[in-house]
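*Asks:* predicted model, plus sequence, below.
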Amino acid sequence: MKIATWNVNSIRQRQNLVLDWLKRNEPDLLLLQEIKCEAHQFPTEAFEAIGYTSHVVGQKSYNGVATLARAPAEVLARKLPGLSEEEPPARFLEIRTGSLTVGNLYLPNGNSGGPAGFARKMEFFDALARHAEAMLAEGTDFILAGDYNVCPTDKDLATGALPPTDALVHPESRAAFRRLLWLGLTDAVRALHPQETIYTFWDYQAGAFRRDMGLRIDHMLLSPRIAERLLTAEVDRDERGMEQPSDHVPVVITLS
DNA sequence: ATGGCTCATGTTATGAGA
């Protein structure tokens, strides 16, 4: 089984790139973040034509997540359980396919909106951890994947790529990510590549990709029984060199 | 030099992204 996650920074700008990538890689599931459109604007038919059903949580202008699946899937949640907001932004979608539950998430960046903006990032993390605890308690096999907007350690960003005060490297952000690891979840890429320099994002500005000034902020976290099935975990770095690319690249795992 | 780029928006500037 092959599962991928990709922050595409507007699906309407990236539709052909994503279609080409799907044809070449043929994952069973593709989790998209930052689709930046409402559900009715999502190119459902184009993906259906190559065998993928789209499950979409969208909103105008910002955010938005979608999960594409080749096999039948049931939508379990369209927002993160436990978040207090009445009209939450489109940042979470959970589906189940077979016996596997897959949460697709786009965590708030946390740099904008002042202290309140950073607090929303922490609230999202807290709700995510409690959701993971609940699923572990009931023995669910799951993956929580997407754009976490956290560089977990200093190894996960190029020197000087971010100011030390940035929300992506803030000690509270990193502690919140570690809390998920201490619950027993496995960071798939790090589990198989503990020492490598690996990035999933390069800014559009200042020749960041050319200079390899990247960040590793897109992650796939696996529950224990899924981690035992982990065969490969790779980042498709080449996708950043395409014409009009997203600033993020796909992260891909395979399971036995 | 907290932005050098890219995105969406009834736009011709602004906010968000990370």
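*Replies:* Nice, I can see it.
*Asks:* residues of the stretch 151-256 of chain A that sit close to DNA strand B?
*Replies:* With CB under 7 Å from any atom of the strand as the criterion, the stretch 151-256 of chain A meets DNA strand B at residues A:163, A:165-166, A:168, A:201, A:203-207, A:215, A:217, A:244, A:247-248. Heads up, the C-betas are built off the backbone N, CA and C, glycines and all.
*Asks:* which ones are touching the residue in the stretch 51-200 of chain A positioned nearest to DNA strand B?
*Replies:* Nearest residue of the stretch 51-200 of chain A to DNA strand B (CB to the nearest atom of the strand) works out as A:Ser112 at 3.4 Å. Under the criterion of CB atoms under 8 Å, 6 or more residues apart in numbering, A:Ser112 has no neighbours.
*Asks:* helices of the stretch 151-256 of chain A, start to end?
*Replies:* Here the stretch 151-256 of chain A has its helices, by DSSP state H, counting those that start in this stretch, at A:171-182, A:188-192, A:224-227.
*Asks:* in terms of secondary structure, what does the first one contact?
*Replies:* What it means is helix A:171-182. The helices and strands touching helix A:171-182, judged by 3 or more CB pairs under 8 Å, 6 or more residues apart in numbering; DSSP states H and E, are helix A:114-137, strand A:218-222.
*Asks:* please identify the deepest-packed of the ones you listed.
*Replies:* strand A:218-222 (a mean of 25; mean count of other CB atoms under 10 Å).
*Asks:* could you list the paired strands of it along with their orientation?
*Replies:* Here strand A:218-222 has these sheet partners by DSSP bridges: strand A:141-147 (antiparallel), strand A:186-187 (antiparallel).
*Asks:* didn't A:Thr44 look like it was pressed against A:Ser54?
*Replies:* Yes - the pair A:Thr44 / A:Ser54 is scored as a contact, 4.6 Å apart, by CB atoms under 8 Å.
*Asks:* centre-most residue in chain A?
*Replies:* Chain A has A:Gly146 as the residue nearest its centroid, 0.9 Å off, counting by CA atoms, centre = their mean.
*Asks:* okay, and the beta partners of that residue?
*Replies:* Assigned bridge partners for A:Gly146, using DSSP bridges, are A:Leu105, A:His219.
*Asks:* that one contacts A:Asn104, doesn't it?
*Replies:* Yes - using CB under 8 Å, A:Gly146 is in contact with A:Asn104, at 5.4 Å.
*Asks:* many thanks, I have nothing further to ask.
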